[in-house]
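Chemist: Based on what follows, work out the 3D shape:
(2 chains)
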Amino acid sequence: MRSVPSIARGSFRCGDRRADAQGKGCFHASPLAVSADSSFAVAHVGRLCALAFLLLLATASARAQQTSGETYTAPRTPFDQPDLQGIWQVLNTAVWDIEDHAGQLDVPAGQGVVVGGAIPYQPWAAEQRAENYDNRLTADPEASCKMVGVPRITYMPYPFQIIQTPTQVTILYEYVHTVRNIYLDSDHPEGMIDRLWMGDSRGRWEGDTLVVDVVQFTDQTWFDRSGNFHSEALHVVERYTRTGPDHMTYDVTIEDPEVFTESWQMRMPLYRRQEDNIRILEYECHAYLEASRG
Amino acid sequence: MKRHLVVAMMGAMALGGALASFDAATQDWVAESVCPDNTPAEFHACAIEAAAAFEPPRTFDGRPDLGGYWMLPGGQFGGAYEDLEEHPGELDALGGAAAIVDPPDGTLPIRPWAAEQSEVNAVRYLHHNAACFLAGVPNTMYHGGPRQFLQTPDHLVILSYNAHAYRIVRLDDRPPPGEKIRLWNGDSRGWWDGDTLVIETRNQNAMPWLDQRGRFYTEEAHVVERVTLIDPDTLHYQATVDDPNVYTAPFTVALPYRRISDENYEIPELACYENNVELMEVYRQVGLELYPGISPEEARDAGEAR
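Modeler: Numbers count the residues shown, from 1 in each chain, chains lettered A, B, ... in the order given. Presented below is the predicted three-dimensional model:
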C-alpha cells in the first residue's frame, strides 16, 4: 500500500495536462474537492480521478501512519516551529461512531478510528454506553448544540483553522465558534479549577509533532453520536504530525481510569482544504435551535 | 420594566463570571497611556495626535505589532455597549459619554422610524448577549471583557472572552463570500494603511444590535474599522458604520483598548450557551422573543411610509 504515493506530492498524475503543468495532479489534492480542473477529456479524467480518489481513501490512513515523522519534514514558521497553519478537516465517519459501524438511515457505514478496534470499557461503563446509545437522539450534547469536547471537536464534519504564534497554537472551529488556545511550554493550573467543556490544553513540540496535554474536562461531553463517553477524570494527549504538504496525522491517547480498563488510542488523517476560496464560516447551532423554538 | 429586569439579570450573571477570573473594577492591570481615559471624543482627538508621533513596535515582517491581551476601560460593561450615545446610569446601565465621535455632537443619525423601532426592540426582544449569540461587528468590539489579538502575516484573529467569540480577519484581497452567506460576525478582510490596520466587514446577518437600546442595522451594512497603536499599551479603535437603510449618514465610534499588563493572563473558557439553558426558559416565560431582524427591503419600505 505504501507504494501509492501522495497526490499532494504531485507524483500521481491523472492525465490532465494543464493540471500536470501546474504540478497539481488530477484534483486540487484533497478528496474533499474532487475537480478535474479542465474541459479536456473530462469523462476520461473523471474516471481516472475517481479511481485515484478511491485508492487515496483506502491508503490515506495507512500512509499517514507509516510516513509519520519519517519521510516528511514540516515547513517552519518564521519563529522556527513546525508550521501546522491552515484550514483542515477530517474525512471519516468518526462523529457518528468512533468504532466500526454498519450503515443506517442518515448514518454512513464506517470503519472505526480506535486503534486495535474496541474501546476497553469497564463493565458498568459498557452498560452505560449502551444506555447512551439508546437515548442518543436527545442525550447527545451535540443534539442540544453544546460544545463537544476534545477530541470530538476534531472529527466534527466542519473545517477548523490553526493559527500559530511563538507561544500559542490556537484552533478555531466552525462548529459553534469553538476555540481552543493551546499554550506552549506551560503548565496546567493548580488548585481550584473549573471544569471546562474543551478542557485545559498545554502543548509542546516533540520533533515535528505538536503534543497537547488536555485535562480539566466536564463529564458532559461524548466522544461521538453513539454514546461513547468519559468522566471528569479524562486525560487526553493529542499528537499532530504533518505527513505532507496537505496532510497531518491526528493521533490521540485517551486515559480515564473511572471508565476504561486501560488507555486507548484513536488515529486519523487530517486533510488540508484545497478550495481557493475556503474560509471558516459559521455553524451557530444554538442560534438555529433557539430560532426553531420561537 | 421587563427589559430592566432581564438586562439587570444578565448583566449580573456576566459580571459575576468576569469578576471570578478578572478584577475589572480596580483596573490595576491598565498600563499608563499618553491618552488617559476620558470621554471617547477627547480620547479620539488625543489618539490621532499620539499616533502620528508614535513609532510602534513591529513584528518580524515589519508590521505594527497589535498582538496581546486588550481590555476596554470600564471593565465588563458600560459605555458604548449600553448606549452609543451619552446616557445616565440606570438599573441596567453604568452610564457614560457618547462613543460616537462622528457626527461630532455624539448622536446617531438614525432615521425617525428606526429610532422608534429601536425602542420597541429593546422592550420586546431578547438582547443577543442574553441568548449567547455572537455580537456582530462592531458590537463584538465594545462588548466588554478581555480579548486577545493574534497577529500573523496573513491573519489577525480576535478572540473574545464573551461567548468565546472569535473573528478571523483575512489580510488578503480575496472577495467576500456570496451574498447569500450571511454571518453573525460577517466576513472581514483587512489591510495596512501605513501603521493602521483597516478592516472591512460585509455579509453580516444583522441579527445582533449595536447597543442595549435596540439600535440595529441591516444586512447591507458596510463596516470599516481602523486599529492603531498610539503608545506601547494603547490601541485607538474606530468603527464607521454605513447603512443608509437605517441611518441618514455614516457614523463613527471611537474607543481605547488598554493592554492587560499581567504577563500570565490567559482568557478562560466562558461556556455561555451551555450554562444558559434555564435562563433562556425564563426569558421565554416573561415573554421576550428572539429578535427577527429586519430586511433591507422592509427597512426601505418603513422609511418610505413616513
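
Chemist: Please enumerate the strands of the stretch 151-294 of chain A.
Modeler: With strands called from DSSP state E, counting those that start in this stretch, the stretch 151-294 of chain A shows them at A:160-165, A:168-173, A:179-184, A:200-206, A:209-215, A:235-244, A:247-255, A:264-272.

Chemist: For B:Y283, which of the ones you listed is the nearest?
Modeler: Taking Cβ to Cβ, strand A:179-184 is the member of those nearest to B:Y283, at 25.6 Å. (Glycine included, C-beta is placed from N, CA and C.)

Chemist: State the distance from B:T59 to B:L150.
Modeler: Between B:T59 and B:L150 the computed distance is 11 Å (Cβ to Cβ, to the nearest Å).

Chemist: between those two, which one's more packed in?
Modeler: Shown here are B:T59 and B:L150; by other Cβ atoms under 10 Å in any protein chain shown, B:L150 has more neighbours (21 against 15).

Chemist: follow-up on the earlier one: could you export the strands of the stretch 151-294 of chain A as TSV, including mean pLDDT, mean neighbour count and distance to chain B?
Modeler: Converted to TSV, the strands of the stretch 151-294 of chain A look like this (pLDDT from 0 to 100; neighbours: other Cβ atoms under 10 Å in any protein chain shown; distance: least, Cβ to the nearest Cβ, whole Å):
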stretch	mean pLDDT	mean neighbour count	distance to chain B
strand A:160-165	98	21	5
strand A:168-173	98	21	5
strand A:179-184	98	20	5
strand A:200-206	98	17	8
strand A:209-215	98	21	12
strand A:235-244	98	22	15
strand A:247-255	98	22	19
strand A:264-272	98	21	15
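
Chemist: out of these, nearest to B:G68?
Modeler: Among these, strand A:160-165 comes nearest to B:G68, with 10.3 Å by Cβ to Cβ.

Chemist: tell me the angle of that closest one relative to strand A:168-173?
Modeler: If you take axes from the mean of the first three to the mean of the last three Cα atoms, to 10 degrees, strand A:160-165 sits at 160 degrees to strand A:168-173.

Chemist: I'd like to check which residues are in contact with the closest residue to A:F260 other than its chain neighbours.
Modeler: Leaving aside its sequence neighbours, A:F260 sits nearest to A:P120 (Cβ to Cβ, 6 or more residues apart in numbering or on different chains; 5.1 Å). Counting by Cβ atoms under 8 Å, 6 or more residues apart in numbering or on different chains, A:P120 makes contact with A:F260, A:T261, A:E262, A:W264.

Chemist: try it again with 10 Å
Modeler: Shown in contact with A:P120 (Cβ atoms under 10 Å, 6 or more residues apart in numbering or on different chains): A:V114, A:A126, A:I254, A:V259, A:F260, A:T261, A:E262, A:S263, A:W264.

Chemist: mind putting these in CSV, distance to B:Y265 included?
Modeler: Listed next are the contacts of A:P120 as CSV, based on distance: Cβ to Cβ, whole Å:
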residue, distance to B:Y265
A:V114, 38
A:A126, 43
A:I254, 31
A:V259, 34
A:F260, 36
A:T261, 40
A:E262, 38
A:S263, 33
A:W264, 36
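
Chemist: Just give me the closest of these to B:V223.
Modeler: Nearest to B:V223 among those, with distances taken as Cβ to Cβ, is A:I254, at 43.6 Å.

Chemist: What's opposite that closest one in the beta bridge?
Modeler: Here A:I254 shows beta-bridge partners A:V236, A:W264, assigned using DSSP bridges.

Chemist: I figured it was touching A:F260, is that so?
Modeler: Yes: A:I254 is within contact range of A:F260, at 7.2 Å (criterion: Cβ atoms under 10 Å).

Chemist: phi, psi of B:Y283?
Modeler: Dihedral angles of B:Y283 (phi, psi; degrees, to the nearest 10) stand at phi -60, psi -40.

Chemist: Skipping adjacent residues, who's closest to it in space?
Modeler: In space, and not counting its chain neighbours, B:Y283 is closest to B:L126: 5.4 Å by Cβ to Cβ, 6+ apart.

Chemist: what's the distance between the one you found and A:A287?
Modeler: 12 Å.

Chemist: which neighbours do those two share?
Modeler: Each of B:F133, B:L290 lies in contact with both B:L126 and A:A287 under the rule Cβ under 10 Å, 6+ apart.

Chemist: List the contacts of the closest residue to A:R202 other than its chain neighbours.
Modeler: Nearest residue to A:R202 in three dimensions, chain neighbours excluded: A:D213, at 5.2 Å (Cβ to Cβ, 6+ apart). Counting by Cβ under 10 Å, 6+ apart, A:D213 makes contact with A:182, A:187-188, A:199-204, A:235-238, A:253.

Chemist: which residues are there in the stretch 1-150 of chain A that come within reach of chain B?
Modeler: Applying Cβ under 10 Å from any Cβ of the partner chain, we find that the stretch 1-150 of chain A lies next to chain B at A:T77, A:P78, A:F79, A:Q85, A:I87, A:P141, A:S144, A:C145, A:K146, A:M147.

Chemist: Among those residues, which lie within strands?
Modeler: If you go by DSSP state E, those have A:I87 in strands.

Chemist: Drop anything exposed from the residues of the stretch 1-150 of chain A next to chain B.
Modeler: Among those, the ones that count as buried by 16 or more other Cβ atoms under 10 Å in any protein chain shown are A:T77, A:I87, A:P141, A:C145, A:K146, A:M147.

Chemist: quick one, what contacts residue 168?
Modeler: Assuming you mean chain A. A:N181, A:I182, A:Y183, A:L184, A:S186, A:G203, B:G67, B:Q148, B:L150, B:E266.

Chemist: Correction: the question concerned chain B.
Modeler: In this structure, B:I168 makes contact with A:87, A:161, A:163, A:172, A:279-280, B:150, B:155-158, B:185, B:187-188, judged by Cβ under 10 Å, 6+ apart.
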